[in-house]
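Engineer: 3D model of this:
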Amino acid sequence: MHDNTPILMWFRRDLRLSDHAALVAACDSGRPVIPVFIHDSLSEGLGAAPKWRLGLGVAHLAETLKDKGSRLILRRDADALAALTRLIDQTGAGAVYWSRLYDPESVARDSRIKQTLKEREIDARSFGGHLMFEPWTVETQQSDCYKVFTPFWNNVKHRDVDAPLTAPSRIRAPDSWPDSDDLTEWRMGAAMNRGADVVRPFVRLGETAAQSRLGAFMARIVEGYDDSRDIPGEDGTSNLSENLSLGEISPHQCWHAGLRAREEGKRGAETFLKELVWREFAYHLMHHTPRILTDNWRADWDAFPWQEDARAAEVWAWKKGRTGIPFVDAAMRELYVTGRMHNRGRMIVASYLTKHLLTHWRIGLDWFEDCLIDWDPASNAMGWQWSAGSGPDATPYFRVFNPETQLDKFDKDRAYASRWIAEGRARPHEDALKFFDAMPRHWGLSPDDDYPDPIVSAADGRARALQAYENRDF
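Structural biologist: As a prediction, this is how the structure comes out:
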């Protein structure tokens, strides 16, 4: 018998129509498709900036679907299974399709949902798309997971990556639509307060904007990417992390664009491909060693005497961009104004917090989780543990970035520092002033303040970090 029951297309972090395996499969079935987004306990538990950015992405997807003659049905329920069950009962849907996620909480949720729906004889299917290589398909010759990036890269760099799928030309509508919540009532941006208005102009929202970003990068930047990616004062990166985090563009689309650039002889293309695989490596580690999200990846760091008070004065100075170290402060202020931070800046601020201030990486990880619009669970965890020395790295603990010499090397003309730091300047950059509009009022900061002396100098911080390491048996 031909099955003409609707398919619920459950969108999560896959807010696009092109290269969407689950959506294509649903549309190719010929059955009615009901796109759905559920604001459950996992999305409710996101930090301020990622939750706000997710709300923007969902609203944009709803408009995109409307242009296709479809709709996005919104439901809010802490229990996604309960929301899906009600929708199945209301619509007579016979199937639920979704794209896989890989963090432990999502895996547990999705496994429970799939099992329960199948017990009800509902066709529950999960599809790839958030990654190029499913984590369980990449293994060493000893059938183990990879713990170092270079061998991981060597394993996957010649693999065939599926060509991107075109967006469905038609999304068949059901005979009648179920009720939908009002997205504004969810108040997903409430915790951003006045910061939302500051960050919003820096957001590049949706699938079309993501594709334009990718095209501009390949046309103008990728040639010199080997060098430009380390210069925070230049527009020298793809900036695609914001869109990849919510699936407004797929890694497959980025990979094939990078392959074309490499075939055209653009010298930075190989490095760009490696950066995409760094993201895959982070997910590989999260899948095989989920402790990377919460605990020291290297167990021998468990006894290290981290400072763990998130309210300590030095930590607050770091959070406020008032450490007296220009590279650190500039990067933190970029975060509050744009919702993102240059990758070189991320390494510097993480190294300073964990090594110069000897503060636990979890404090920084949690702060980024609250402040980044491109927050990604795997990349955030791997980045912080790599910087702290407790994560996957061949030479972890004795690398202590000097934020002063790093500034001299990568911001020689101080374009980055001057763009983001207002104190002590007669005519501050407008972006430096925006920091004072974005920050919480109770911080009580003003561009007329004196710029602070270092809370811990580069030299003193390095010395005390190395001393602490010498007292440990790594």
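Engineer: use CA for all of it now, contacts and neighbours both
Structural biologist: OK.
Engineer: Buried residues of the helix or strand where residue 52 lies, list them for me.
Structural biologist: For residue 52, the element it lies in under DSSP states H and E is helix 48-67. For helix 48-67, burial by neighbour count (16 or more other Cα atoms under 10 Å) applies to 48-62, 64-65.
Engineer: roughly how far is it from the heart of the chain?
Structural biologist: 16 Å (Cα atoms, centre = their mean, to the nearest Å).
Engineer: can you tell me the average pLDDT over it?
Structural biologist: Averaging pLDDT along helix 48-67 yields 98.
Engineer: repeat for stretch 289-304
Structural biologist: Computed over stretch 289-304, the average pLDDT equals 94.
Engineer: how far does it stretch from start to finish?
Structural biologist: Length of stretch 289-304, first residue to last, Cα to Cα, to the nearest Å: 20 Å.
Engineer: Just the residues contacting that stretch, thanks.
Structural biologist: 103-104, 285-286, 362, 377-378, 381-382, 385, 390-392, 472, 474 (Cα atoms under 8 Å, 6 or more residues apart in numbering).
Engineer: how about 7 Å then?
Structural biologist: Applying Cα atoms under 7 Å, 6 or more residues apart in numbering, the contact partners of stretch 289-304 are 104, 286, 381, 390-391, 474.
Engineer: what mean pLDDT does the helix or strand hosting residue 87 have?
Structural biologist: Using DSSP H and E, residue 87 sits within helix 80-91. Helix 80-91 comes out with an average pLDDT of 98.
Engineer: For the next helix or strand after that helix, output the C-alpha coordinates as PDB.
Structural biologist: Counting by DSSP H and E, the next helix or strand C-terminal to helix 80-91 is strand 95-99. Taking Å, rounded to 0.1, in the frame of the first residue of the first chain, the C-alpha atoms of strand 95-99 are listed here in PDB:
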ATOM      1  CA  ALA A  95       7.600   9.200   9.900                       C
ATOM      2  CA  VAL A  96      10.100  11.600  11.600                       C
ATOM      3  CA  TYR A  97      13.300  12.500   9.800                       C
ATOM      4  CA  TRP A  98      16.200  14.500  11.300                       C
ATOM      5  CA  SER A  99      19.900  15.200  10.900                       C
END
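Engineer: In the sheet, which strands lie alongside strand 95-99, parallel or antiparallel?
Structural biologist: Applying DSSP bridges, strand 95-99 is found paired with strand 7-11 (parallel), strand 123-127 (parallel).
Engineer: Toward the C-terminus, what is the element adjacent to that strand?
Structural biologist: helix 104-119.
Engineer: quick one on the thing from earlier: and the helix holding residue 52, what does it pack onto?
Structural biologist: helix 361-371 (3 or more Cα pairs under 7 Å, 6 or more residues apart in numbering; DSSP states H and E).
Engineer: surely residue 354 meets residue 389?
Structural biologist: No: taking Cα atoms under 7 Å as the definition, residue 354 is not a contact partner of residue 389, at 8.8 Å.
Engineer: out of the contacts of stretch 289-304, who has the most neighbours?
Structural biologist: residue 381 (29 neighbours; other Cα atoms under 10 Å).
Engineer: How confident was the prediction at residue 3?
Structural biologist: 85.
Engineer: so residue 37, which of the three states?
Structural biologist: Secondary structure state of residue 37, per DSSP: H, G, I helix; E, B strand; the rest coil, is strand.
Engineer: And for residue 18?
Structural biologist: coil.
Engineer: Please shift the residue numbers so they start at 28 in all later answers.
Structural biologist: From this message on, residue numbering opens at 28, which makes the last subject residue 45.
Engineer: Could you export the contacts of stretch 316-331 to CSV, including columns for distance to residue 357, pLDDT and secondary structure?
Structural biologist: Output for these, formatted as CSV (distance: Cα to Cα, whole Å; pLDDT from 0 to 100; DSSP: H, G, I helix; E, B strand; the rest coil):
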residue, distance to residue 357, pLDDT, secondary structure
131, 34, 98, helix
313, 30, 98, helix
408, 22, 98, helix
417, 26, 93, coil
418, 26, 92, coil
501, 33, 56, coil
